[in-house]
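> sequence first, then the predicted structure, then my questions.
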Amino acid sequence: MTLTSPQRRLDDQPAPGHTGTRPIDVAVLRARPLPIAPWIAAELLEVVGLVLLIARASSFGPVAAGVLHLAALTPIVLWPALTPSERLLGVGFAFSIPVAGSLLALVALGTVGRGEVLEADPDAMPELEPLRAEELRRLGEALPCCEALLAGGIEERRAIIATLTRRADADSVALLRWALGAADPELAVEAALALEEMTASFETRMAELREELASAPVAEDAQDAAELITDAIEAGIAEPALVPSLAHEARQFFTTAALTADPTRAGEVAVGRARLELAVLRPDAALAAIDETVDQVDSEARSVLLALRDEAVVATHALPWESASALASYHPAVPPPLAVHRKLSAARRLSGIHRRGTKGGSVQVGVVQVPAPASTREVPIDKS
Amino acid sequence: MTNLEGGTADVCLLVEGTYPFVAGGVSSWVHDIIRGHPELKFAVLNVGSHPAAYGEPRFQLPENVVGLHRVFCQEAARPALDGDQRAELREEIRRMRSAVDSRAQPSRLLEGLRRLHLEDDPDPRIWRGILTDLATSDLGIPELLYGRASFDLLIAIAEQIAAEAPFLDLFWHYRAIHVPVLRLLSAPVVEAACYHAVSTGYAGLVAAAWSHRTGRPLALTEHGIYSRERDMELARADWIRDAAEAEDGGFGLRKATWAPRVSPLRRIWSRFFRGLSRITYAQATRIVTLSDVNRKKQIADGAPIDKIDIVPNGVDLPQELPASPGGGDPGGDNDVIELRPPPLRVGFVGRVVPIKDLITFIRACDLALRSVELDVRVIGPMDEDGGYATRCRDLVARLGRAEQIRFVGPMPPSKIYPNLDVVVLTSFSEGQPLVILEAYACAVPVISTDVGACREMIEGRTPADRAIGPSGFVTRVATPSETASALVALTRDPKLRRRMGAAGRKRVTTFYQRRDMLAAYRALYLSMGAGGAVAQMPAAGATAEA
């Protein structure tokens, strides 16, 4: 196995104030020759002990063999060039497997590429498996999802709807809602059932979490519940009329999580809170939440929070009002154009969030106009 | 099996999981058909999933039911085996394995199963041939489970139509598909002058096999289209593990592929159910459907066009009409509207189950309540899916609409419709709902989703029917804003409400009377040789209406 980006690791220095354990530099460690003298010394002692045991020269033979077996550990323990982990492994092998143990330890330590302490750089993007020919063919031949929903065969359509249901993000929900208006009633029904399935799943999970939290308010559960609500609001699964009360509930869960969680998880809570406020179109509250915590979190959470802050700043200008925090926080000469893809996508990528769904609006049927549900989508956004 | 009176039945009705153990539209229809033909003797065969799935009958069997028979797709769950019993079972399996491959001639039933899976030609002659093979019932369950020939069929299915499916999954699905077929085909025949299946699927298969063996005619009535309903269930079935599900995870690229693959296991089940439908279509003497929409679907699924008749559901018209929803004469055209004081009385009539999508109804009412005053009642049993009923109640409570939206439980129709101004259906799936016809009979307009025959029931099927005018609104499924808009329109425009109610009344009077439905079925039964002396007697429904 090849270590990923060893150069980067050698160059990186711990951030100021970083209190974590410094990672073992496997590449450097592997570059030095493994000392073999202690293993040979240990093996010689073991062999002498074995000879004494087999020869049965005196009644002290077994005792002497045992003493020599223990003595064989000495060169491994005391040899200065060995690292603590190598010593531990060598002693373990030599003690538990008489005669052959030290040789096996030598083989194990001399084998490069297995059992590395750090196998991969967790920050690096995983290497993607290349697409197979059959997948490439399907990608090449397949219609875009929305067209396939309308024009594809019934099985293809069902496969697409099943995939959208599993994804359950804002794009998928928007596509399923679009399919509700399809001319084919069967497609509309299948899309409706998929949406219902998502909603039921959200409500069931939410009910479970509420019950768990009522009996024992645990930080992890509170965080899960708050993020579940945030995800549902972002995806457009939550009942629009209940969004205000759900958001209130999620804020309380975030507060519980912040109070009871390990302080090192403050970043998670802050990111979640900011996402929630953005999802319910309260960028001012998002800014306040971010500004409160951005200096107290680790660098990873900080980068996400800063990206979310950019989004919140942009969002304050998209709304038909200007709150106090918006006025206080950011006043560019010209508001950024909102028709372009917003910068928030970077933050969303980092936090594993997808773009939000479609906007709402009032509904016109015949001559009667019904107000749209009190959703997060009804605020008109000026895209001029 | 319960033989209530003995004697050969004129008609054997074959139902799947419904009458008399489950309440609902199909069960009510079966009950009505039996009561509407007191001169005929009926036997009922209920095809169930397993013995523990059903409770006590929900209907009291009429006098003319001479036998109630039950067969199950699966046997009752066995208790856990102890060590000795396990050893015995292993020995028994070993014995069966050594005995099953001693057959001199290949099994015709197995050949039928092979063709059922691998044939894709809708030609009825092919499906009659498959039925002929299946009806031999010359294969035991041990041979299916442990026989070499059966395993060869499994291999053929794997290679030809399920190459992408995990073989172990396919193995268990193969057993799950075929064991019920063998159990049902080996059920003893119920003697009757003719057979009437109330769906395709398993009930249709049994009916077709019995019709084939006895040479007696078979009629098929499909309320919904069975194979399509199963397809919708299969698409969401979590007991089928897709290969795609195994690949998905995290932010893997495969999850984002905009070319999802079709699940081979779901496809096998889907083809199987479609095959059962084609077998029933092929064997049926007559195929009855409720609406033009369903007729087209049946034809697309392989039903011979010349066999299909449309016999819509029907209701009895009340002798006296209740007060008009908008006041004044419901059938008349006068423009004098006596406004009922608000609120508008809105009813949801049906079982509180997910397929009725009560959630959308509640959301629609909540939306409409922001503009107009409504008094909303949910009328129907709530015990079938307790979890869903709780979810609906919770939603009403969370919306703060507990005073305006009330759950009143089941009520007799005579007490429902006279106290409603509009009936709303938000179902995901319907055949030809009786609720709409019952509402029309009382001149109550209807707002319904565009499912099953609802559109043609509201807007009209034939030119003459369409000339009557719309008797309500058709909305998209799961779109509460449209339902709410229609509610607001009917609330604010009593004249429109009255006009639509009158159109409904006229529509049901002209096209959906119970006596007409019973007369059509009576003629059908007579044409199939049921009740030799019956030809001289008028049908009960006709008598009542006369």
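Looks like it came in fine. Numbers count the residues shown, from 1 in each chain, chains lettered A, B, ... in the order given.
> chain B: strands as residue ranges?
Assigned by DSSP state E, chain B shows strands spanning B:2-3, B:9-16, B:42-48, B:65-72, B:192-197, B:218-222, B:286-289, B:308-310, B:344-349, B:374-379, B:405-407, B:422-425, B:446-449, B:472-475.
> now do the fifth one against strand B:65-72, angle only.
Between strand B:192-197 and strand B:65-72, the angle formed by their directions is 50 degrees, by axes from the mean of the first three to the mean of the last three C-alpha atoms, to 10 degrees.
> pull out the buried positions in strand B:192-197.
B:192-197 (16 or more other C-beta atoms under 10 Å in any protein chain shown). For every residue, glycine as well, the C-beta is placed using N, CA and C.
> still on that earlier bit, how about the strands of chain B in a markdown table, adding distance to B:Leu276 and mean pLDDT?
Shown next, in a markdown table, are those (distance: least, C-beta to C-beta, whole Å; pLDDT from 0 to 100):
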| stretch | distance to B:Leu276 | mean pLDDT |
| --- | --- | --- |
| strand B:2-3 | 26 | 49 |
| strand B:9-16 | 11 | 95 |
| strand B:42-48 | 12 | 95 |
| strand B:65-72 | 15 | 94 |
| strand B:192-197 | 11 | 96 |
| strand B:218-222 | 12 | 96 |
| strand B:286-289 | 14 | 96 |
| strand B:308-310 | 18 | 95 |
| strand B:344-349 | 32 | 96 |
| strand B:374-379 | 35 | 96 |
| strand B:405-407 | 38 | 96 |
| strand B:422-425 | 29 | 96 |
| strand B:446-449 | 28 | 96 |
| strand B:472-475 | 32 | 96 |
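> got those as CSV, with distance to chain A columns?
Formatted as CSV, those follow (distance: least, C-beta to the nearest C-beta, whole Å):
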stretch, distance to chain A
strand B:2-3, 37
strand B:9-16, 21
strand B:42-48, 25
strand B:65-72, 28
strand B:192-197, 23
strand B:218-222, 16
strand B:286-289, 16
strand B:308-310, 18
strand B:344-349, 13
strand B:374-379, 13
strand B:405-407, 13
strand B:422-425, 13
strand B:446-449, 9
strand B:472-475, 8
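> could those go into TSV alongside distance to A:Arg167?
Shown next, in TSV, are the strands of chain B (distance: least, C-beta to C-beta, whole Å):
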stretch	distance to A:Arg167
strand B:2-3	50
strand B:9-16	34
strand B:42-48	37
strand B:65-72	38
strand B:192-197	40
strand B:218-222	35
strand B:286-289	37
strand B:308-310	40
strand B:344-349	32
strand B:374-379	33
strand B:405-407	33
strand B:422-425	31
strand B:446-449	26
strand B:472-475	27
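> which of those sits closest to A:Gln223?
Among those, the nearest to A:Gln223 by C-beta to C-beta is strand B:405-407 (33.9 Å).
> by contact count, what packs against that closest one?
The contact analysis (3 or more C-beta pairs under 8 Å, 6 or more residues apart in numbering or on different chains; DSSP states H and E) places strand B:405-407 against helix B:358-368, strand B:374-379, helix B:386-399.
> hey, which of those is tucked in deepest?
Burial of these is given as mean neighbour count (mean count of other C-beta atoms under 10 Å in any protein chain shown); helix B:358-368 ranks first at a mean of 26.
> just give the nearest non-adjacent residue to the most centrally placed residue in chain B, would you?
With distances taken as C-alpha atoms, centre = their mean, the residue of chain B nearest its centroid is B:Gly224 (4.8 Å). Leaving aside its chain neighbours, B:Gly224 sits nearest to B:Gly431 (4.7 Å; criterion: C-beta to C-beta, 6 or more residues apart in numbering or on different chains).
> burial measure for the one you found, as a count.
When neighbours are counted by other C-beta atoms under 10 Å in any protein chain shown, B:Gly431 registers 24.
> that one contacts B:Leu290, correct?
Yes. In this structure B:Gly431 lies within contact range of B:Leu290 using C-beta atoms under 8 Å: 5.6 Å.
> shared neighbours of these two, which are they?
Listed as contacting both B:Gly431 and B:Leu290 by C-beta atoms under 8 Å, 6 or more residues apart in numbering or on different chains are B:223, B:452-453.
> for chain B, what are the nearby residues on the stretch 201-350 of chain A?
Residues of the stretch 201-350 of chain A found near chain B (C-beta under 8 Å from any C-beta of the partner chain) are A:203, A:239, A:241-242, A:245.
> give me the subset of the residues you listed that lies in strands.
Among these, no member falls in strands (DSSP E).
> narrow those to those that are buried.
Among these, those buried by neighbour count (16+ other C-beta under 10 Å) are A:203, A:239, A:241-242.
> what is the most widely separated pair among these?
Comparing every pair within these by C-beta to C-beta identifies A:Glu203 and A:Ala241 as the most remote, at 14.0 Å.
> find the closest residue to chain A in the stretch 101-250 of chain B.
With C-beta to the nearest C-beta as the measure, B:Ala235 is the residue of the stretch 101-250 of chain B nearest to chain A, at 4.5 Å.
> OK, contacts around that residue?
A:158, A:161-162, A:190, A:193, B:266.
> most surrounded residue in those residues?
A:Glu190 (29 neighbours).
> check contacts around the closest residue to A:Trp79 other than its chain neighbours.
Leaving aside its chain neighbours, A:Trp79 sits nearest to A:Pro38 (3.9 Å; criterion: C-beta to C-beta, 6+ apart). Contact partners of A:Pro38, counting by C-beta under 8 Å, 6+ apart, are A:75-76, A:78-79, A:82, A:90.
> filter those residues down to the buried ones.
Using 16+ other C-beta under 10 Å as the burial test, those include A:75-76, A:79, A:82, A:90 as buried.
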